[in-house]
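Student: Quick one, structure for this:
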Amino acid sequence: MERARREARVAGLRDFRTPSLESIERRRMQLLALNAVVLLTVVAGVFALSTWPVGSVEALRSPVPRFGLLLATAGFCWYVFDQERRLGRLTRMLADERVLTAALTNRLHEVTLLHEAGKALNAQLDLDGAVDTILDSATELLDANGGSLMLVDGNELVAAAVRGRQDALGVRIALGAGIAGHVALRREPILIDGHADPDEFPGLADREPYVESAMSVPLVHHDAILGVLNVNAALGRGFTEYDLRALSVFAEQAASAIANARLFEEERGRVAELLVLRGGEAAS
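Tutor: Down below sits the predicted model:
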């Protein structure tokens, strides 16, 4: 930013500590207006010298004043060019800074949401509650308008949670079928824009309503595939590779939460069996 301030001072922007794109545009307009005034003055001066009546000021008709006027005009044009060059450099610097600031702000927002989602997932020991929390957190993280979370059940995937299309709840597809089955089988995240290719995803079902952009990531824990997380973009918005990376990072936490919830349910089932056995022994 110190370099930007230095360029601003040289370009004539001295009334502020941090230059802005708006101030640069105002300075450019000032230079354009000044340049127009000077050029008009030069044209008027050259015309006046060319038409000056013969008399005591005959010396003004000589080439010397005209040459001096041209030199002064050339010097001024160089000044304007140099100022414009500096302002252009300053504009690029500030534009890059704004892009970087926006990227850092988005990254901070993403990290905050991931942190909050992680706390919510760690607090969920019930599998159904964990699945719902994962899907809600994923749609909030990516500003999606729908999606689903499918869990592995034998050689199939079953939709355990759905947002935006409740009739898909409980739907089963074979591993390797469609987009989710493809992701579960290959354990690789996928970003789809527009229509998916049925030849690439055998068994692909029509998505109604039509989804412009969608992502699917595998839920893997300790090298075991637990399911697939799918999110759909809102109308008019397309996901990017950056969004896919963010969802992949989130999926790691989600898979861990599902594994912990399943482990808790298994332990709770064992405790219930032990209580039943002890109750039977006490009764006998």
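
Student: Please count neighbours and contacts with C-alpha atoms only from this point.
Tutor: Will do.

Student: Now do Ala36 against Met29, distance only.
Tutor: Distance from Ala36 to Met29, counting by Cα to Cα, to the nearest Å: 11 Å.

Student: Output the contacting helices and strands for the helix or strand harbouring Ser248.
Tutor: For Ser248, the element it lies in under DSSP states H and E is helix 241-283. Taking 3 or more Cα pairs under 8 Å, 6 or more residues apart in numbering; DSSP states H and E as contact, the helices and strands that helix 241-283 lies on are helix 63-122, helix 127-141, strand 190-193, strand 213-221, strand 224-233.

Student: same thing but 6 Å
Tutor: Helices and strands touching helix 241-283, as assessed by 3 or more Cα pairs under 6 Å, 6 or more residues apart in numbering; DSSP states H and E, comprise strand 213-221.

Student: So what touches the strand it packs on?
Tutor: 184, 187, 189-194, 225-233, 238, 251, 255 (Cα atoms under 6 Å, 6 or more residues apart in numbering).

Student: try stretch 167-184
Tutor: By Cα under 6 Å, 6+ apart, stretch 167-184 touches 155-159, 162, 185, 201-204, 218.

Student: Now a ChimeraX select for only the buried ones of those residues.
Tutor: Selection of the buried residues among the contacts of stretch 167-184 in ChimeraX, burial being defined by 16 or more other Cα atoms under 10 Å:
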select :156,157,158,159,162,185,201,203,204,218
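
Student: Would you convert the contacts of stretch 167-184 into TSV that also reports distance to Ala72 and pLDDT?
Tutor: As requested, these are arranged in TSV below (distance: Cα to Cα, whole Å; pLDDT from 0 to 100):
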residue	distance to Ala72	pLDDT
Asn155	84	92
Glu156	83	93
Leu157	80	95
Val158	81	95
Ala159	78	94
Val162	74	93
Leu185	76	92
Phe201	72	83
Pro202	75	80
Gly203	77	75
Leu204	74	76
Pro218	71	96
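
Student: Farthest pair within the contacts of stretch 167-184?
Tutor: Taking Cα to Cα, the two most distant members of those are Val162 and Pro202; they sit 22.3 Å apart.

Student: returning to what we had before: go through the contacts of stretch 167-184 and say which is closest to Gly269.
Tutor: Val158 (22.2 Å).

Student: what are the phi and psi values for the closest one?
Tutor: Dihedral angles of Val158 (phi, psi; degrees, to the nearest 10) stand at phi -120, psi 130.

Student: Neighbours of the nearest residue to it once chain neighbours are set aside, how many?
Tutor: Closest residue in space to Val158, ignoring its immediate chain neighbours: Arg172 at 4.5 Å, by Cα to Cα, 6 or more residues apart in numbering. Other residues within reach of Arg172 by the criterion other Cα atoms under 10 Å amount to 17.

Student: Need the pLDDT of Arg172.
Tutor: Listed pLDDT for Arg172 reads 92.

Student: just to revisit the earlier point, go ahead and build a PyMOL selection from the buried members of the contacts of strand 213-221.
Tutor: Applying 16+ other Cα under 10 Å to the contacts of strand 213-221 leaves a buried subset, and the PyMOL line that selects it is:
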select buried, resi 184+187+189+190+191+192+225+226+227+228+229+230+231+232+233+238+251+255
